[in-house]
Every structure is written in C-alpha cells, then in structure tokens.
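Colleague: Whatever this is, show me its structure:
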Amino acid sequence: MIECAVRWSPPLPAEPRFLALLDELEQGRYDAYRQDIDKRRFLTGRVLAKTVTAERLGLAVEDVSFDATCDDCGKPHGRPRVPGAPLMLSISHSGDLIGVAATAGTPVGLDVETATRRADDSLIEYALSPVEQAAVSGLLAEQRTTAFFTYWTRKEAVMKATGKGLKIPLQSITFSGHDEAARLVSSGDAALDPARTRLVDLKAAEGYRAAVALLTSDEISVTEDFATL
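Modeller: Below is the predicted model:
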C-alpha cells in the first residue's frame, strides 16, 4: 500500500516567521510576483511543502532546502525536491486554497481548481475526450461545471505526476465517469499507463474540486488534512 498525504491551507500572511523559510532563490520568485495574492500563494506552497518535508525527514523546518531546478530550462521553477531524499512532492493552488501532496518516492501530482467558473463549450471541447464530452453533454449547467472540473483536476493531476504537464494532449486521456471512483481508462501517451496509474478525487473544500494521482500499480491510501501553522 502506497501512502500519500495531502495538506491544505488558505493563503498565509506574509509574516516574518514564514518569509524566513524562503531561501534566496525562493525569495526572488516571491518578489517577482506583482499581486499580493500570488505572493501569498507561492509563500504558502513553500511553507506547506517544507513543513511536510521536515515532518517526514525528521528535520527542523528551517533546515529544509529544496532544489527546484527545471529539467527543461534549468530555471528554479520546477518541482521542489530534496536531493537524495525518498520524497516526492506536488504543490497546487487555486483561489484561496493551496495544497501539497507528499509520498515516499512515488511520482505524485496534485491539482485543485475553483469549481465556480463556467465550463463553456469551447473549454469542454478543448479538454475532454469524446467519451467524456458525451458524458457531460446532457447535464444541467451546474452539474456540467462540477463534472467538467472533476475531469479537469484528474487530468492535471496525472500530467503533473508524469512531469510532462500539457505536453500530454488533454483529449488523449479518458477517465471513468465523473460520478464514479477516479480511474484512468485509456491513454494515448506512453507516459501514462492505466495499469500503473492510481487516482483519488479529493474532498478539498467547498467550492473546489481536487484530485491526486500516483504513478504506481500498487493500491494507494490518501489522507487529507488542513495545516495548523
């Protein structure tokens, strides 16, 4: 059984005790954001990730240091990791909710989205496979929005787990029904094998949809909680 822990938080205030946990590169990224909410989302993601990492590795949170070098371009905006440590992390945020998922080395992807936006026809055609489009076509507007963001968060989660992101065409992957337990049914990309992909739709918070994906053939156990910082 592969365990995955998901921790949520609203945006943290820009207090010295939190800002002190950012290293020089992270401080540069924080400063580069123009909007206060974007600064706080980034800060919260790093504080959550470092808190979870410290708990798992038996470190003081102020001693946690990440390498976030992007594999493609070399800039410090990639997945945060502790070199040599048996730990995988995924950070996601939307609206006033930020989350981090952690495993003991199994590739993981987390996605959360506000589910209050309207899912228009162009977005549905862009993101959903033909089977998924058919599944949402007869739903009322509110139900269709909920169904769409259920599919959307599943897709984002599996793509984050692979590290390929939107290099995987959204329409090339099909999931189980939006009202069924999350499962990858088919994939047109070699990076995603249904037999080695596990997903869970998360509770997150009211007004949000979220999902976490692990690239494993083993069964998974996912826990969610809210941070106390």
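Colleague: Which parts of this structure are strands?
Modeller: Per DSSP state E, the chain carries strands over the ranges 2-9, 88-94, 97-103, 108-114, 173-175, 184-187, 198-202, 208-214, 220-226.
Colleague: So which residues make contact with the third one?
Modeller: Applying C-beta atoms under 8 Å, 6 or more residues apart in numbering, the external contacts of strand 97-103 come out as 2-11, 41, 44-45, 48-49, 52-53, 56, 87-93, 108-110, 112, 114, 204-205, 208, 210, 212, 214. In this view, the C-beta of every residue, glycine as well, is placed from N, C-alpha and C.
Colleague: unless I'm mixing things up, Glu191 is touching Thr162, no?
Modeller: Residue 191: Ala, not Glu. Yes - using C-beta atoms under 8 Å, Ala191 makes contact with Thr162 at a distance of 4.4 Å.
Colleague: For those two, list the residues in contact with both.
Modeller: Joint contacts of Ala191 and Thr162 (C-beta under 8 Å, 6+ apart) are Ile168.
Colleague: So for the two, which sits in the more crowded spot?
Modeller: Thr162 (18 against 15; other C-beta atoms under 10 Å).
Colleague: Just the helices from the chain, written as ranges.
Modeller: 16-19, 24-32, 36-57, 121-127, 130-136, 141-162 (DSSP state H).
Colleague: so what does the fifth one touch, helix or strand wise?
Modeller: In terms of contact count using 3 or more C-beta pairs under 8 Å, 6 or more residues apart in numbering; DSSP states H and E, helix 130-136 is assigned the packing partners helix 121-127, helix 141-162, strand 173-175.
Colleague: Now these in JSON lines, please, with extra columns for distance to Leu229.
Modeller: JSON lines is the format used below for the helices and strands packed on helix 130-136 (distance: least, C-beta to C-beta, whole Å):
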{"stretch": "helix 121-127", "distance to Leu229": "34"}
{"stretch": "helix 141-162", "distance to Leu229": "24"}
{"stretch": "strand 173-175", "distance to Leu229": "33"}
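Colleague: for the chain, where's the lowest mean pLDDT among helices and strands?
Modeller: Using mean pLDDT, DSSP states H and E, helix 121-127 stands out as the lowest-scoring helix or strand of the chain, at a mean of 91.
Colleague: quick one, what contacts Ala157?
Modeller: Applying C-beta under 8 Å, 6+ apart to Ala157 gives the contacts Gly109, Leu110, Asp111, Leu199, Ala211, Val212, Ala213.
Colleague: Apply 6 Å and report the result again.
Modeller: Contact analysis of Ala157 by C-beta atoms under 6 Å, 6 or more residues apart in numbering lists Gly109, Asp111, Ala211, Val212, Ala213.
Colleague: Closest one to Ser172 out of the residues you listed, please.
Modeller: Relative to Ser172, the closest of these is Ala213; by C-beta to C-beta it sits at 15.3 Å.
Colleague: Once you drop chain neighbours, what's closest to that closest one?
Modeller: Excluding the flanking residues, the one nearest Ala213 by C-beta to C-beta, 6 or more residues apart in numbering is Ala157, at 3.9 Å.
Colleague: Spatially central, which residue of the chain would that be?
Modeller: Centroid-nearest residue in the chain: Leu110, 2.1 Å away (criterion: C-alpha atoms, centre = their mean).
Colleague: my guess is it meets Ser90, correct?
Modeller: Yes - counting by C-beta atoms under 6 Å, Ser90 is a contact partner of Leu110 at 4.2 Å.
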